[in-house]
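Colleague: coords please:
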Amino acid sequence: MTTTATAPARIVGVGTAVPENSYSQQEILDIFAVQDPRVRSIFLNSAIDRRFLTLPPEGPDGTRVLEVQGELLAKHKAQAVDMGTRAVQECLKETGADLSDIGYLCCVTTTGFLTPGLSALVIRELGIDPHTSRLDVVGMGCNAGLNALNAVNGWARANPGRLAVMVCTEACSAAYVFDGTMRTSVVNSLFGDGAAAVALLAGEPELPLPQVLQARGPRLLKFASYIITDAIDAMRYDWDGGQDRFSFYLDPHVPYVVGAHAELVVNRLLAGTGLRRSDISHWLVHSGGKKVIDAVGVNLGLTRHDVRHTTSVLRDFGNLSSGSFLFSYQRLLEERAVQPGDYCVLMTMGPGSTIETALARW
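Modeller: Below you'll find the model as predicted:
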């Protein structure tokens, strides 16, 4: 068994989960009887076909009853726990490990606030050992998946042979405001509900685990971050006094600000590795929206093929916030196109404004 903390951790499993119901953009416009041509244009030109959502219940007249903030928080709790536990179970199913093998659990969410945090609720729901070390990452936004993965990677490296699990679970439909404004319509047209879990292991397992866990997944070699402090208010939650709930704000210039700084972060990530961007075989970029993906692609010189997983996740699920990049990672694995020695760059973007990156190799 490896006894040092210097061996890179590797990804040994991934799992995802979504709510029961999905809707096309046109169906959402019909459900909420949206007639404003500007709002309809935002929805129908989003490069999104369908999203999984937990919409408000129908009232006696068939229209949707808009939830108050307390009901939205309850929705977040129910959906985040449900999707999160299913994603963890799918992840472990892929690795062949059991719930009892988890030594560390990190839960990530931005779409609601809970005390105790999701990690405690997930541990109770799944019957995970109550001695399990845990961490909750709350409020960091769409970039949080890689922030948390860095922390989980650190724990795995410090505890070789023990399984560390991260789950990002976002009930974005618990953070919507339906007031017909352009500000809220941009958000409402973009985000979907979903959860994704990933398992890390450094060294060899402490206990004999199924052979599938011995398969060599990609090793996490390096992380690099950048906060664009001049754009710190570009993505944020505000309290909407008129609606008595929180409202998420996206500055329309976000795609261009993020795109303009993407090269800076990637250059830092690759510095000292001897690698050039042309040496990277796989790019897993956060599905932040069509304009964000295009801006990052242009500034990094990426082709449509390079971001095919990113765009397909956006098309089929919308922006899943912190877990989006793991949905793309899962699609990369399903292609069975990865070769030993391939390098991969993972990139997430979110409030701060922040760009997070990681370098991995099979």
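Colleague: quick one: buried residues of stretch 84-94?
Modeller: For stretch 84-94, the neighbour count (16 or more other CB atoms under 10 Å) marks 84-88, 90-92, 94 as buried. For every residue, glycine as well, the C-beta is placed using N, CA and C.
Colleague: strands along this protein, start to end?
Modeller: For the chain, strands defined by DSSP state E occupy the ranges 9-17, 22-24, 50-52, 102-109, 133-138, 163-170, 194-202, 219-227, 235-240, 245-250, 282-285, 343-350, 354-361.
Colleague: strands paired with the last one, and their directions?
Modeller: Right, strand 354-361. Here the strand partners of strand 354-361, with direction, are listed using DSSP bridges: strand 219-227 (antiparallel), strand 343-350 (antiparallel).
Colleague: what does the third one give?
Modeller: Taking DSSP bridges as the criterion, strand 50-52 pairs within the sheet with strand 22-24 (antiparallel).
Colleague: buried residues, the partner strand. List them.
Modeller: Buried-residue list, strand 22-24, by 16+ other CB under 10 Å: 22-23.
Colleague: can you check stretch 35-54 too?
Modeller: Of the residues in stretch 35-54, 39-40, 42-43, 46, 48, 50-54 count as buried by neighbour count, 16+ other CB under 10 Å.
Colleague: show me which pair in the residues you listed is furthest apart.
Modeller: Set against one another by CB to CB, the buried residues of stretch 35-54 have their most distant pair in Arg40 and Thr54, with a gap of 22.6 Å.
Colleague: which elements pack onto the lengthiest helix in the chain?
Modeller: Taking DSSP state H as the assignment, the helix of the chain that covers the most residues is helix 69-95. The contact analysis (3 or more CB pairs under 8 Å, 6 or more residues apart in numbering; DSSP states H and E) places helix 69-95 against strand 9-17, strand 102-109, helix 118-126, strand 163-170, strand 194-202, helix 211-214, strand 245-250.
Colleague: run the chain-centre distance for that helix.
Modeller: How far helix 69-95 lies from its chain's middle: 13 Å, per CA atoms, centre = their mean, to the nearest Å.
Colleague: so who does the nearest residue to Val298 once chain neighbours are set aside touch?
Modeller: With CB to CB, 6 or more residues apart in numbering as the measure, Gly259 is the residue that lies nearest to Val298, at 6.5 Å, once sequence neighbours are left out. For Gly259, the contacting residues are 292, 294-296, 298-299, by CB atoms under 8 Å, 6 or more residues apart in numbering.
Colleague: 7 Å instead?
Modeller: If a contact means CB atoms under 7 Å, 6 or more residues apart in numbering, then Gly259 has 295-296, 298-299 as its contacts.
Colleague: give me the buried entries from the residues you listed.
Modeller: Buried residues within these, counting neighbours by 16+ other CB under 10 Å: 295-296, 299.
Colleague: so which of those belong to helices?
Modeller: 295-296, 299.
Colleague: now those residues as TSV including pLDDT and distance to Gln330?
Modeller: As requested, those are exported to TSV (pLDDT from 0 to 100; distance: CB to CB, whole Å):
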residue	pLDDT	distance to Gln330
Ala295	96	24
Val296	97	20
Asn299	97	26
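Colleague: circling back: export the buried ones among the contacts of Gly259 as JSON lines, with columns for distance to Leu200.
Modeller: Compiled in JSON lines, the buried ones among the contacts of Gly259 are given as follows (distance: CB to CB, whole Å):
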{"residue": "Ala295", "distance to Leu200": "30"}
{"residue": "Val296", "distance to Leu200": "25"}
{"residue": "Asn299", "distance to Leu200": "30"}
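Colleague: tell me which of these is nearest to His253?
Modeller: If you rank the buried ones among the contacts of Gly259 by distance to His253 using CB to CB, Ala295 comes first, at 10.2 Å.
Colleague: surely that closest one and Val254 touch.
Modeller: No - applying CB atoms under 7 Å, one finds Ala295 not in contact with Val254, separated by 9.0 Å.
Colleague: give me the low-pLDDT residue ranges for the protein?
Modeller: Segments of the chain classed as low confidence (criterion: pLDDT under 70) are 1-6, 205-216.
Colleague: quick one, domains of it?
Modeller: Structurally, the chain divides into domains by automatic domain parsing as follows: 9-214, 219-361.
Colleague: would you quantify the distance from Asp244 to Gly15?
Modeller: From Asp244 across to Gly15, the span is 36 Å (CB to CB, to the nearest Å).
Colleague: show me what contacts the most centrally placed residue in the chain?
Modeller: With the centre of the chain defined as its mean C-alpha position, the nearest residue by CA atoms, centre = their mean is Gly323, 1.5 Å away. Counting by CB under 7 Å, 6+ apart, Gly323 touches 145, 168, 170, 194-196.
Colleague: how about a cut-off of 10 Å?
Modeller: With contact set as CB atoms under 10 Å, 6 or more residues apart in numbering, Gly323 has these partners: 16-17, 83-84, 87, 108-109, 142, 144-145, 166-170, 194-198, 286-287, 313, 317, 348.
Colleague: now stretch 129-141, how far from the centre of its chain.
Modeller: The chain centroid and the centroid of stretch 129-141 are separated by 15 Å under CA atoms, centre = their mean.
Colleague: then stretch 20-37?
Modeller: Between the mean C-alpha location of stretch 20-37 and the chain-wide mean there is a distance of 24 Å, by CA atoms, centre = their mean.
Colleague: equivalent analysis for stretch 165-173, please.
Modeller: Between the mean C-alpha location of stretch 165-173 and the chain-wide mean there is a distance of 7 Å, by CA atoms, centre = their mean.
Colleague: shift numbering so it begins at 59
Modeller: Taking 59 as the first residue, the last one we looked at is stretch 223-231.
Colleague: buried set for that stretch?
Modeller: For stretch 223-231, by 16+ other CB under 10 Å, it's 223-231.
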